[in-house]
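Colleague: Based on what follows, work out the 3D shape:
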Amino acid sequence: LQVPHSPSQPMGSSESRRFTTKHSKKALKASLTLGILLGMFFVAWLPFFVTNMTQAVCGCVPAGFFDVLTWLGYCNSTMNPIIYPLFMRDFKRAMGKFLPCCRRSGEPRPSAISLSMRNSNSGPRAATSLKNVL
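Modeller: Sure thing, here's the model as predicted:
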């Protein structure tokens, strides 16, 4: 399987195969991660929601069974912080910056200002007053 390329950018066949293989592996890993996360979510929470609906209609579900299904969902929520770092390298790096137990010794903790500027997708701005805006 080769990726078509434009004549303006000649690519050798081995380079094309390498490009395709690299992106195929990433897509496969992303699909696998998503499949595992969604599969675990449905296995854990679907019985709870079905039982909850059944309880609303007929009231025939024992309280102990309902409690077990609730805790199954809670266990799934507990597993998410473990699953994400196992399968997602970017998530692992981001968590390593904020959790003191995972931070490297020479790496400083980011400040709240740098985080808000990074998350706002903008660089430093000149101060604007209400008068300038109106």
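
Colleague: which other residues reach stretch 72-79?
Modeller: 40, 41, 43, 44, 45, 47, 48 (C-beta atoms under 8 Å, 6 or more residues apart in numbering). All C-beta atoms are positioned from the backbone trio N, CA, C, and that covers glycine.

Colleague: Filter these down to the buried ones, ChimeraX style.
Modeller: Selection of buried members from the contacts of stretch 72-79 for ChimeraX, criterion 16 or more other C-beta atoms under 10 Å:
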select :44,45,48
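
Colleague: With secondary structure as new columns, can the contacts of stretch 72-79 be given to me in TSV?
Modeller: Shown next, in TSV, are the contacts of stretch 72-79 (DSSP: H, G, I helix; E, B strand; the rest coil):
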residue	secondary structure
40	helix
41	helix
43	helix
44	helix
45	helix
47	helix
48	helix
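
Colleague: Show me which of the contacts of stretch 72-79 is closest to residue 101.
Modeller: Residue 101 lies nearest to residue 40 out of these, by C-beta to C-beta, at 24.7 Å.

Colleague: Which secondary structure state does residue 101 sit in?
Modeller: Following three-state DSSP, residue 101 is assigned to coil.

Colleague: can you dump the C-alpha coordinates of stretch 31-44 into PDB?
Modeller: C-alpha atoms of stretch 31-44 as PDB (Å, rounded to 0.1, in the frame of the first residue of the first chain):
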ATOM      1  CA  SER A  31      -7.900   2.500  17.400                       C
ATOM      2  CA  LEU A  32      -6.700  -0.100  20.000                       C
ATOM      3  CA  THR A  33      -6.600   2.500  22.800                       C
ATOM      4  CA  LEU A  34     -10.000   3.900  21.900                       C
ATOM      5  CA  GLY A  35     -11.400   0.300  21.700                       C
ATOM      6  CA  ILE A  36     -10.100  -0.700  25.100                       C
ATOM      7  CA  LEU A  37     -11.400   2.500  26.800                       C
ATOM      8  CA  LEU A  38     -14.800   2.300  25.200                       C
ATOM      9  CA  GLY A  39     -15.000  -1.400  25.800                       C
ATOM     10  CA  MET A  40     -14.200  -1.100  29.400                       C
ATOM     11  CA  PHE A  41     -16.700   1.800  29.800                       C
ATOM     12  CA  PHE A  42     -19.500  -0.200  28.300                       C
ATOM     13  CA  VAL A  43     -18.700  -3.400  30.200                       C
ATOM     14  CA  ALA A  44     -18.700  -1.400  33.500                       C
END
